[in-house]
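In: Sequence plus the predicted model coming up.
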Amino acid sequence: MTATAIYAGRILTPQEELLDNVIVVEGGRITAIGNRDEVHIPPGAKDYVAAGMTVVPGFVDVHIHGAGGHDVMEATPEALDAITATVARFGTTSLVATTVTAPVEETCHSLEGIAQYVRSHEKTEENTRAAAEIVGIHLEGPFINKARRGVHPSESIALPSIEVLEKFRAAADGLVRILTVAPEIPGALQLIARAVADGLVVAVGHTDADYDQARAAFEAGARHAVHVYNAMRPFTHRDPGVISAIMTDTDITAEIIADGVHVAGPAIQVLLGTKGFDTVLLVSDGTSATGMRDGNYRLGNFEVTVKGGVVRNSEGNLAGSTLTLDRALRFMVEVGVPFVDALRMATILPARRLGLAGKKGILAIGGDADLVVLTPDLHVAGVMTRGVGLT
């Protein structure tokens with residue numbers, strides 16, 4: 001693969017700001033970053049000049065169901081190709097394919113298809129197209145509370161089961177990275193402890209847990225919270241519930257869907273005011289409608305309708321989103337979050353939660369060449385995924 005030299009007036013790694021520097025990419029990895037007068041550029045390298053732009057790491061989305069007219073649970077190469085290519089156009093270079101509650105056998109079939117897709121790409125020596133990399137699977141269900149199910153099909157919601165989880169993990173060939181659980185359901189704490197022992201990130205979500213039940217989940221090893229505020233027991237001053245437990249624990253990372261529809265700007269400010277900027281992650285909760293026009297689409301095995309870019313099911317309930325992480329980044333800046341802090345929420349912080357620090361979500365020597373070029377108004381001008389793109 002031909003080397004690429006990316007010349008940028010500004011680079012945010014995002015740990016530091018570099019001015020008038022160059023990034024050298026070879027074989028899908030970053031091999032050098034530094035002053036253009038000091039870095040060796042390989043002979044024959046292709047130049048990319050990002051004059052007046054800012055180069056940042058590719059975005060990492062730990063909660064996304066689909067894009068480009070397809071859902072991850074279709075699990076075919078064609079569907080997954082469409083999803084990964086679509087989100088890459090908007091700066092997402094790594095994603096965790098997120099399932100929605102469905103019958104166990106149907107879920108296993110989807111997990112097998114996703115795993116086959118991921119493993120086949122691992123065997124390919126070179127990336128050949130600009131597309132996000134699927135870095136794992138997020139099981140958002142079936143171990144959730146029917147009272148806070150959102151649009152998850154009630155008939156497929158199940159009690160926590162280590163046996164079923166092991167069946168899912170086997171079907172996914174070890175690729176399950178995140179498991180969402182409602183901690184108040186009988187058997188949840190045992191499931192959380194087992195999942196944590198097996199190396200999974202356990203999240204609380206779709207939950208009616210009170211404060212003490214949420215704290216018990218954290219003590220059992222849960223360290224993440226799914227789309228905070230949404231599909232959760234509401235916060236009140238006499239019943240602070242799961243939201244208060246999330247806000248007051250600095251070890252818990254909290255997803256936020258920053259589209260102005262799922263969560264209002266002031267509520268995001270409250271979350272950041274309690275947790276700070278180091279434990280809030282931007283997610284899309286994107287559906288098959290992401291990157292598409294208004295119309296009818298699928299989420300898992302049921303139909304949703306998009307009107308004005310907002311996704312709802314037949315009952316009128318919010319059903320995921322059409323959000324992309326570049327839009328989420330701009331929204332966070334609009335509500336007053338410093339750009340660098342908002343950028344960290346879409347890059348290095350989710351990468352850390354997944355255990356991918358140093359490889360994803362950062363511009364560093366030896367890291368994957370996942371790059372996004374942003375205009376001064378924070379729109380995507382170019383994307384590179386593992387060394388491919390930016391043409």
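Out: Done, it's in.

In: Check residue 391 and give its pLDDT.
Out: Per-residue confidence (pLDDT) for residue 391: 69.

In: low-confidence ranges in the stretch 101-250 of the chain?
Out: The stretch 101-250 of the chain contains residues with pLDDT under 70 at 125-126.

In: Would you map the helices across it?
Out: 104-122, 162-171, 188-197, 211-220, 241-247 (DSSP state H, counting those that start in this stretch).

In: Then the stretch 251-391 of the chain?
Out: For the stretch 251-391 of the chain, the helices defined by DSSP H, counting those that start in this stretch occupy 265-275, 325-334, 339-346, 348-353.

In: just checking, what packs against the shortest one?
Out: Contact analysis of helix 348-353 by 3 or more C-beta pairs under 8 Å, 6 or more residues apart in numbering; DSSP states H and E lists strand 59-64, strand 280-282 as its packing neighbours. C-beta here means a position set from N, CA and C on the backbone, and glycine is covered the same way.

In: Turn those into CSV, including mean neighbour count.
Out: Formatted as CSV, these follow (neighbours: other C-beta atoms under 10 Å):
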stretch, mean neighbour count
strand 59-64, 30
strand 280-282, 26
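
In: The ones you listed: which one's closest to residue 96?
Out: strand 59-64 (4.6 Å; C-beta to C-beta).

In: could you say what helices and strands the closest one packs with?
Out: Against strand 59-64 (3+ C-beta pairs under 8 Å, 6+ apart) you get helix 77-88, strand 92-100, strand 133-140, helix 325-334, helix 348-353.

In: and it, how far out from the chain's middle?
Out: Centroid displacement of strand 59-64 relative to its chain, using C-alpha atoms, centre = their mean, to the nearest Å, is 1 Å.

In: before we move on, what about stretch 119-139?
Out: On C-alpha atoms, centre = their mean, the centre of stretch 119-139 falls 15 Å from that of its chain.

In: can you tell which of the helices of the stretch 251-391 of the chain is closest to residue 235?
Out: helix 265-275 (9.2 Å).

In: Now do the closest one, average pLDDT.
Out: 97.

In: Now do the domain split for this structure, please.
Out: Using automatic domain parsing, the domain parsing of the chain gives 4-55+377-389, 59-360.

In: Of these, which stretch is the most buried?
Out: domain 59-360 (a mean of 20; mean count of other C-beta atoms under 10 Å).

In: what about that one, start to end distance?
Out: 9 Å (C-alpha to C-alpha, to the nearest Å).

In: Residue 370 is nearest to which of the domains of the chain?
Out: Once those are compared by C-beta to C-beta, domain 59-360 is nearest, at 3.7 Å.

In: gap between the closest residue to residue 342 other than its chain neighbours and residue 90?
Out: Among residues not flanking residue 342 along the chain, residue 332 sits closest, at 3.9 Å (C-beta to C-beta, 6 or more residues apart in numbering). Note on residue 332: its distance to residue 90, by C-beta to C-beta, to the nearest Å, is 15 Å.

In: Equivalent analysis for residue 158, please.
Out: From residue 158 across to residue 90, the span is 34 Å (C-beta to C-beta).

In: Among the helices and strands packed on strand 59-64, which comes closest to residue 21?
Out: When the helices and strands packed on strand 59-64 are compared (using C-beta to C-beta), the closest one is helix 348-353, at 18.3 Å.

In: quick one, what contacts residue 23?
Out: 5, 6, 8, 11, 30, 32, 33, 55, 363, 371 (C-beta atoms under 8 Å, 6 or more residues apart in numbering).

In: List the strands paired with the helix or strand harbouring it, with their directions.
Out: Residue 23 is part of strand 17-26, with elements assigned from DSSP states H and E. Here strand 17-26 is paired, per DSSP bridges, with strand 4-12 (antiparallel), strand 29-35 (antiparallel).

In: Please convert these to a markdown table, extending it with mean pLDDT and distance to residue 247.
Out: A markdown table is the format used below for these (pLDDT from 0 to 100; distance: least, C-beta to C-beta, whole Å):
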| stretch | mean pLDDT | distance to residue 247 |
| --- | --- | --- |
| strand 4-12 | 96 | 28 |
| strand 29-35 | 96 | 36 |
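
In: Out of those, the one nearest residue 310 is which?
Out: Of all the strands paired with strand 17-26, strand 4-12 comes closest under C-beta to C-beta, at 31.1 Å.

In: and that closest one, how far from the chain's centre?
Out: Per C-alpha atoms, centre = their mean, the centroid offset for strand 4-12 relative to its chain is 25 Å.

In: who's in contact with that strand?
Out: By C-beta under 8 Å, 6+ apart, the residues outside strand 4-12 that reach it are 17-26, 33, 36, 41, 45-56, 340, 343, 363, 369, 371, 373, 384, 387, 390.

In: Export only the CA atoms of it, formatted as PDB.
Out: Listed next in PDB are the C-alpha coordinates belonging to strand 4-12 (Å, rounded to 0.1, in the frame of the first residue of the first chain):
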ATOM      1  CA  THR A   4       0.200   8.900   2.500                       C
ATOM      2  CA  ALA A   5       1.400  12.100   4.000                       C
ATOM      3  CA  ILE A   6      -1.400  14.300   5.500                       C
ATOM      4  CA  TYR A   7      -0.400  17.900   5.900                       C
ATOM      5  CA  ALA A   8      -2.500  19.800   8.400                       C
ATOM      6  CA  GLY A   9      -2.600  23.200   9.800                       C
ATOM      7  CA  ARG A  10      -4.100  21.800  13.000                       C
ATOM      8  CA  ILE A  11      -4.200  18.300  14.400                       C
ATOM      9  CA  LEU A  12      -6.000  17.300  17.600                       C
END
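
In: who's the nearest residue to residue 98 once chain neighbours are set aside bridged to?
Out: Distance criterion C-beta to C-beta, 6+ apart; nearest residue to residue 98, sequence neighbours excluded, is residue 138 at 4.1 Å. Beta bridges link residue 138 to residue 98, residue 178, judged by DSSP bridges.

In: Show the contacting residues for residue 138.
Out: For residue 138, the contact set (C-beta under 8 Å, 6+ apart) comprises 62, 63, 96, 97, 98, 99, 176, 177, 178, 179, 180.
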